[in-house]
Each structure stands twice: as C-alpha cells, then as structure tokens.
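Trainee: Just need the structure, nothing else, for what follows:
(3 chains)
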Amino acid sequence: MSVAEQQSLPLGFVRGEAVVDKPEDLYIPPDALELILESFSGPMDLLLYLIKRQKLDIVDLPILNITRQYVEYVEMMKELKLELASDYLVMAAILAEIKSRMLLPKPPQQDDEDEEDPRAALIRRLQEYEAIRKGAEWIEQQPQTARDTFIAEVESNAQQHIEVTPPAVELAELALAFSRVLQQLDLKAHHHIQREQLSTRERMSQILQRVSEQTHIRFSALFSAEEGRAGAVVSFLAILELVKEALIEVVQVNPDSEIHIRQRGAEAR
Amino acid sequence: MNPEQLQQLLEAALFAAPKAMTAEQLKQQLAPLQQVSLKQIQQQLQSIQAFYQERGVQLVKVASGYRFQTRPELGAALAGMWEEKPPRYSAALLETLALIAYRQPITRAEIEEVRGVSVSSQIMKTLQEREWVEVVGHKDVPGRPQLYATTPAFLDYFNLSDLAELPVIDEPESITAETATNEE
Amino acid sequence: MNPEQLQQLLEAALFAAPKAMTAEQLKQQLAPLQQVSLKQIQQQLQSIQAFYQERGVQLVKVASGYRFQTRPELGAALAGMWEEKPPRYSAALLETLALIAYRQPITRAEIEEVRGVSVSSQIMKTLQEREWVEVVGHKDVPGRPQLYATTPAFLDYFNLSDLAELPVIDEPESITAETATNEE
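Mentor: Below is the predicted model of the structure:
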C-alpha cells in the first residue's frame, strides 16, 4: 500500500516511518548496529527481514544460513552490551534447536502424524507476526488525531444559559440525617421530638419572621380564629418559649392598651 | 494555491484554533500561506463569513481576531450539553438541614454544638440559596447570632403541610422515660 | 421545528460539544429535540455530512459518535499552529497495539509470544495512559493474568467507528514460496 512497500521491503519503522536503507549484506559496521537494531522491533522482525531479504521460501527454510546470520547478529549485540540481546538469544536458540532436529536422523515412528516438521511452528509464528505487523502499519497510516485531523473547537454562549439542577433530597434522608445527629449526641435529656413541640417550634419561626419584618406586632394578630383552640395554644406556647429564650419582648404601654410583641433588642440596632 | 484550497485551509485553521486568530497570525502560522497576500486571505475570510451566515455556527470578528462561534440565539438550546447530573448533598449538609428543621429557630453555634463540628459557610449559603432555610431573627445573646428556620418552600419541596408532619425520630429509651409525662 | 432549524441546532451542537456525540445523546441533551424523532436527527446528520464534504472541516462518525474535525490532508499545513509536534509511536508500541486490537482480549504473555520479545512496561503504561487499552478481566489460567482490550478512545483517535473497520490481516499464504519470491 505505502510507497515504501512498493519500492522495496521496509527494514522496519523508525519513529513510525519505514526505513528503506537496509544493510546490503550481512556485514554491518559495528557502530551502525545499534541504529539498525533499533529499527527492528524484535527478533521476529529481524528474522522476517532476513528471510524476505534472501527471497527465501519459508517452507523450505535453510535454517543453517539463517541461524548462522542470526547468531552473528547476536554476537555483535553481546559485544555492544545491548540490552535487547536476551530476546534475540531466545530466537537464536529456537533456530539452533530446529536445525539440530533437522540434522538428526528421525527416530522410527509408529505414527507419522505425531511428528511435526520442526519448522512448521516457527513458520506459523512468523506468519502471525507478519500479519500483526501489517495491522500495525495499517493503524499507523490511519488519520491520527492531532497529527492529521484536529477536532473543531467552537465558542458558544451556551454556558451563560446553564441551569444547575440542585440535588434531590428525600424526606427519609432528612429524617435519617437527624437520627444520625441524635446518635452522635451525648444523650442526656430533652431531645425528644414530639409533634406538638414541632408545631410550637414552627410557630416560633413564623412569629420571629413576622417580628423581624414588622418590628411591632399586636399580640392579638398572632392568633387566628380559623386555627381554633389548638392553634391558639400553639401560638401562645410559641410566644412563651420565645420570651423564655429571650428572642422577643412583650410590651404594654399601660394596663389597658394593646399588648405588642417585638424583636428583642430591636431598638439596639 | 487556488481560492478554494485557500478557503479550505483558512476554515480548517479557524475551526482547529483554540482561540481567535487575526489574518496576520493565520498567514504567519500556516506555512502554505507564506506566498499568499494578506488581502487574499482577508477576502477569503469574508467569503467564509458569508458562507456561514445562516448556519449553526458563524465566523465573527472579535478584538483578538476571527473565531467561529455558535449562533447567539441557540445558546439556551445548547446549554443542556453542559448540564451535569446534580451531585448528592453531603451528610454534613443534610444533618445541618435536619437540625434546622427539627430544632428551629436555631443559631449556627447551636448547630455546631450538637454536631460537634463547625458548620461551613458554604452549607449555610447552599441552604439559603435553595430557599429552604432563612434567617428569622437574631438571638439576644452577645454577638446577636442569626436564628435559622425552614421556609414554606422547604415544606413544599418535601410535600409537607406543616412541620409537625416531619417523621418522628425514635429517641433512645433513656430520655423517653424522662419526657414521657409531657406527651399527649 | 423545521428541518433548517433542526440542522442549525445539530450543527451548532456538534461544533460546540467538547467531545463526539451520538444521535441519541444529541436528542437527549438538547431540550428542543425531545419531540424530534431519532430518524429525523440521523437524516439531518447525513445532510450535514454531505454539506461539509468539500469544506475545510468534515463531520465524521467515530466510535463514540459524530464530531467535526479538519480534513486529514490538511494536517501537515495546520501543524504550524501548535508548538508541540504530534506524538510519534514506535514500531514496538504499534505492534503491541495492533495485537491487542486484533486479538483482544489478550494477555501480556500472549503478546510476547507473537512478538518474540518481552513487552516493556513503558509501552503498556503509555497505551493505558492514552486510554487506548484497558484491562477487561483476568484469564482463567494459573496466575490469572490480566486480559487487555482496546477502548472506544483508541478507535476515536485513529478515526475508526468500529473494530470491524480493521482490515483482515490473516494471510496464511503470505510467507509461502510464491509470495516470498515475488517480493521486492
């Protein structure tokens, strides 16, 4: 597909680019070895290169030649103390093993099917490796983000319109939170919650709210006929509680005049 | 470089650029434009502007150069793309809210005393912004601290007609005995 | 909402979106599209794709949705706008990535078996940091080694919408007598 492939077989990738400058024969100047080896991604890559270079039929692999060449590479690597050497040594061992098995006379076999050509396994591996290398080349040539394509970035005034949805809370969660608080408390006394008390405390909030808005409220305005007796009791308890907690003051100018309540310390502000 | 290619390149550059670009910057940063006159670039920018007049995005000239932006009237419709699922409230916030609901009117110091930790200003701000909690007065003690209470909006949110409908929390027996005589 | 308005809104959304968007996501996140059928949205997306065919930017479909991006052939000309050079990946990294893409899920030992070389931790780290590769499970063999697979981010980066777009590479005949002698 690529231009490099059409011209000749690439030696390998260097920084993603196919390198066409490959050694003409086995002799590689020692100072160039490191560079050349860097262009192989591993022993499979090198082996594949050697096979292709010699236009060999892999099925009729002249293991001896390949092994000899291979071992020479490995020797050079050892001299240069290249850390890559171990993986290459494994490959050299595989090649040597294949070679030795080919040279040895076959033991008489009962069943021929059991005896696999020692080269077959290597060939399969080479084929699989070559396929993957093709896949890698194909992926590399795909248009890449930030190299070939850039994602469009467009300003928008949408951010000004974002409405933040506040989290939802269930009543049960709230009750649970309160029971947690109670558990944390040093449980000594009067933390019991009753419906009646709650109504009183709500009324306290309402009265406080009103006195903060109006400063003076007629005492009678704090009671409403619709609420009946129970409502009046709640209001009265709330007023007493607020007085006790010193949150409001009850004032009466003279004994006959209307009673007023006002915020405690309101005049101080 | 023919006008079509020039327009293509300018358009791509303006879409890819993270910020507005002037005609000069475009000429400077795009190698193939070295030989193109500033005037030609400006002409093409105008063509692009005209081309996008009725599209979803438009090429506008702002102080620092040209940039693409979405049509202003689409802002509200697009906002949904940035709206995130609301996070959950913290346990600290829920406990503070619960204390205000069950013990109102209550000062911040009283909340802190019960919870044993300080109440962050952020929590009080969130509760007030949500309009669940408001200041209903000041306690007449030194410093005149604010007294917090829940609002009608709080009741509405939790579908309560009044605070007495808040679930009754079972108290440990030790204190139930003590207050039992006060019960209905 | 008429087709023109729909197209305008979709176009603006895709340009402004911080990431690729599927038709479903667009429908879900853009309030005015609630009443519009998915089919209508898809039709308009195709119209937009056709409209931008020859422009500097194109609407492409990658694994995680539709996105606007610059034409691939303009990459080199646009490169000057950024100080950083685009990253280049080594043959070893690309082979490892290809193996994971083609043979997923795959263990590290299996990768090493094919490549004939130990996989450097750095390569696996880079692949995972780029979010191209992730651990999807453990193989049920002694040691329970991790199984690697590619992510949608991998497909997005290489402009693919689906793993099925990877070309078939299994060519058992490729290293036989005929092809080997035909090479060069």
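Trainee: Residue A:123: neighbouring residues, count only.
Mentor: 17 (other Cβ atoms under 10 Å in any protein chain shown). Backbone N, C-alpha and C define where each C-beta goes, glycine included.
Trainee: wait, is it part of a strand?
Mentor: No. Residue A:123: not assigned to a strand; according to DSSP: H, G, I helix; E, B strand; the rest coil it is helix.
Trainee: so how far is chain B from it?
Mentor: 47 Å (Cβ to the nearest Cβ, to the nearest Å).
Trainee: Equivalent analysis for residue A:200, please.
Mentor: When residue A:200 is compared with chain B (using Cβ to the nearest Cβ), they lie 9 Å apart.
Trainee: so what's that residue scoring on pLDDT?
Mentor: Note on residue A:200: pLDDT of 84.
Trainee: burial count for it?
Mentor: Neighbours around residue A:200, by other Cβ under 10 Å: 23.
Trainee: Name the helix or strand for it, please.
Mentor: Using DSSP states H and E, residue A:200 maps to helix A:195-214.
Trainee: So which elements touch that helix?
Mentor: Applying 3 or more Cβ pairs under 8 Å, 6 or more residues apart in numbering or on different chains; DSSP states H and E, we find helix A:195-214 packed against strand A:216-218, helix A:228-244, strand A:248-251, strand A:260-263, helix B:91-103, strand B:133-138, strand B:146-150.
Trainee: Let me have these in a markdown table, extended by distance to residue C:5 and mean neighbour count.
Mentor: Converted to a markdown table, those look like this (distance: least, Cβ to Cβ, whole Å; neighbours: other Cβ atoms under 10 Å in any protein chain shown):
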| stretch | distance to residue C:5 | mean neighbour count |
| --- | --- | --- |
| strand A:216-218 | 56 | 14 |
| helix A:228-244 | 56 | 16 |
| strand A:248-251 | 60 | 17 |
| strand A:260-263 | 57 | 21 |
| helix B:91-103 | 42 | 23 |
| strand B:133-138 | 43 | 22 |
| strand B:146-150 | 45 | 24 |
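Trainee: So for residue C:13, which of those sits nearest?
Mentor: In terms of Cβ to Cβ, the element of these nearest to residue C:13 is helix B:91-103, at 34.0 Å.
Trainee: does the very next helix or strand once past the closest one come close to chain A?
Mentor: Once helix B:91-103 ends, the next helix or strand along the chain (criterion: DSSP H and E) is strand B:106-107. No. Strand B:106-107 lies out of reach of chain A by Cβ under 8 Å from any Cβ of the partner chain, never closer than 9.0 Å.
Trainee: got a list of contacts for strand B:106-107?
Mentor: B:99-100, B:139, B:145-149 (Cβ atoms under 8 Å, 6 or more residues apart in numbering or on different chains).
Trainee: Looking at pLDDT only, which of the residues you listed scores worst?
Mentor: residue B:139 (89).
Trainee: Just to check, that residue is in contact with residue A:247?
Mentor: Yes. Between residue B:139 and residue A:247 there is a contact at 6.2 Å, judged by Cβ atoms under 8 Å.
Trainee: Overlap of the contact sets of these two?
Mentor: residue B:147.
Trainee: all helices of the chain, in order?
Mentor: Because you didn't say which chain, this covers chain A. For chain A, the helices defined by DSSP state H occupy A:3-7, A:30-38, A:43-53, A:63-79, A:85-103, A:118-141, A:171-184, A:195-214, A:228-244.
Trainee: my bad, the chain I had in mind was chain B
Mentor: With DSSP H applied, chain B shows helices at B:3-16, B:23-29, B:38-51, B:75-78, B:91-103, B:108-115, B:121-129, B:152-157, B:173-179, listed in chain order.
Trainee: give the contact list for the residue positioned nearest the centre of chain A.
Mentor: Nearest to the geometric centre of chain A sits residue A:145, at 19.7 Å (Cα atoms, centre = their mean). Residues near residue A:145 by Cβ under 8 Å, 6+ apart: A:151, C:69, C:156-159.
Trainee: one more time with 6 Å, if that's ok
Mentor: By Cβ atoms under 6 Å, 6 or more residues apart in numbering or on different chains, the contact set of residue A:145 is residue C:157.
Trainee: go on, residue B:57?
Mentor: Listed by Cβ under 6 Å, 6+ apart, the contact partners of residue B:57 are A:154, B:68, B:70, C:12, C:15.
Trainee: Surely residue A:71 is in contact with residue A:92?
Mentor: Yes. Using Cβ atoms under 6 Å, residue A:71 is in contact with residue A:92, at 5.4 Å.
Trainee: between these two, who's got more neighbours?
Mentor: Of the pair residue A:71 and residue A:92, residue A:92 is the one with more neighbours under other Cβ under 10 Å, namely 20 against 16.
Trainee: Just give the number of residues close to the nearest residue to residue B:77 once chain neighbours are set aside.
Mentor: Using Cβ to Cβ, 6 or more residues apart in numbering or on different chains and skipping the chain neighbours, the partner closest in space to residue B:77 is residue C:32 (5.0 Å). Using other Cβ under 10 Å, residue C:32 is surrounded by 15 other residues.
Trainee: Next one: residue C:32 from residue C:23, what distance?
Mentor: 15 Å (Cβ to Cβ, to the nearest Å).
Trainee: again, but for residue B:61
Mentor: Residue B:61 is 33 Å from residue C:23, by Cβ to Cβ.
Trainee: the more surrounded of the two?
Mentor: Neighbours were counted for residue B:61 and for residue C:23 using other Cβ under 10 Å; residue C:23 has more, 20 against 14.
Trainee: and the gap between that one and residue A:63?
Mentor: The gap separating residue C:23 from residue A:63 is 57 Å, by Cβ to Cβ.
Trainee: Enumerate every residue touching residue B:60.
Mentor: residue B:69.
Trainee: 8 Å - rerun?
Mentor: Listed by Cβ under 8 Å, 6+ apart, the contact partners of residue B:60 are B:66-69.
Trainee: Quick one: which of those residues is the most crowded by neighbours?
Mentor: In terms of neighbours by other Cβ under 10 Å, the contacts of residue B:60 top out with residue B:68 at 25 neighbours.
Trainee: hey, what's that one bridged with?
Mentor: Residue B:68 has these beta-bridge partners by DSSP bridges: residue B:59.
Trainee: For stretch A:39-58, output the C-alpha coordinates as CSV.
Mentor: What follows is stretch A:39-58, C-alpha atoms only, in CSV (Å, rounded to 0.1, in the frame of the first residue of the first chain):
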residue,chain,number,x,y,z
SER,A,39,14.7,-0.2,13.6
PHE,A,40,13.7,-3.8,14.3
SER,A,41,11.0,-4.2,16.8
GLY,A,42,12.4,-7.5,17.9
PRO,A,43,13.8,-10.9,16.9
MET,A,44,10.7,-11.8,14.8
ASP,A,45,11.1,-8.6,12.9
LEU,A,46,14.8,-9.3,12.2
LEU,A,47,14.1,-12.9,11.2
LEU,A,48,11.4,-11.9,8.9
TYR,A,49,13.7,-9.4,7.4
LEU,A,50,16.4,-11.9,6.8
ILE,A,51,14.0,-14.4,5.2
LYS,A,52,12.5,-11.7,2.9
ARG,A,53,15.9,-10.3,2.0
GLN,A,54,17.1,-13.7,0.8
LYS,A,55,13.8,-14.2,-1.1
LEU,A,56,13.5,-17.5,0.7
ASP,A,57,10.7,-19.9,0.7
ILE,A,58,9.9,-20.2,4.3
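Trainee: ok now that stretch, how far from the chain's centre?
Mentor: Distance, stretch centre to chain centre, for stretch A:39-58: 39 Å (Cα atoms, centre = their mean, to the nearest Å).
Trainee: cool, stretch B:126-135 as well?
Mentor: Worked out by Cα atoms, centre = their mean, stretch B:126-135 lies 16 Å from the chain centre.
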